[in-house]
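> okay, structure incoming, though there's no sequence with it:
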């Protein structure tokens with residue numbers, strides 16, 4: 001089972017996750033909106049604001065974040081496996097990681113519920 005922790009209050013995040021839900025194999029993914037329940041990540045020492053900032057995936061008892069989390073998802077969905085292989089190439093992965101972090105920080109700092117979570121975590 002692959003558990004995907006996502007920000008269900010973010011319209012962009014929800015649209016993307018809903019797309020993956022439609023095309024993903026049944027019984028392979030568990031989709032967890034961290035605004036509803038973040039207890040699994042908190043037990044692993046991940047704050048709500050950190051969970052809201054970037055995508056998190058739990059797979060084989062390991063936490064993957066950002067681009068690595070997307071690679072886990074894509075690698076397990078038909079038609080996205082090729083893309084996951086491409087993104088996994090060292091230079092492409094490095095550039096993708098930087099771009100994702102820039103975007104994630106920009107998105108996080110624009111959403112009120114993320115700012116509140118950050119303030120509560122501090």
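Thanks, I have it. Predicted model only: the values in this text are computed from it and were never measured.
> the strands in this protein, which residues?
With DSSP state E as the criterion, the chain has strands at 2-6, 29-33, 56-59, 62-65.
> list the strands paired with the first one, with their directions.
Strands that pair with strand 2-6, judged by DSSP bridges, come out as strand 29-33 (parallel), strand 56-59 (antiparallel).
> I'd like the ones you listed as a markdown table, with mean neighbour count and mean pLDDT appended.
(Glycine included, C-beta is placed from N, CA and C.) Listed next are the strands paired with strand 2-6 as a markdown table, based on neighbours: other CB atoms under 10 Å; pLDDT from 0 to 100:
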| stretch | mean neighbour count | mean pLDDT |
| --- | --- | --- |
| strand 29-33 | 17 | 96 |
| strand 56-59 | 21 | 97 |
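> out of the ones you listed, nearest to residue 16?
Of all the strands paired with strand 2-6, it is strand 29-33 that lies closest to residue 16, at 11.3 Å by CB to CB.
> circling back: redo the strands of the chain as a markdown table? Include distance to residue 20.
Formatted as a markdown table, the strands of the chain follow (distance: least, CB to CB, whole Å):
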| stretch | distance to residue 20 |
| --- | --- |
| strand 2-6 | 8 |
| strand 29-33 | 7 |
| strand 56-59 | 11 |
| strand 62-65 | 15 |
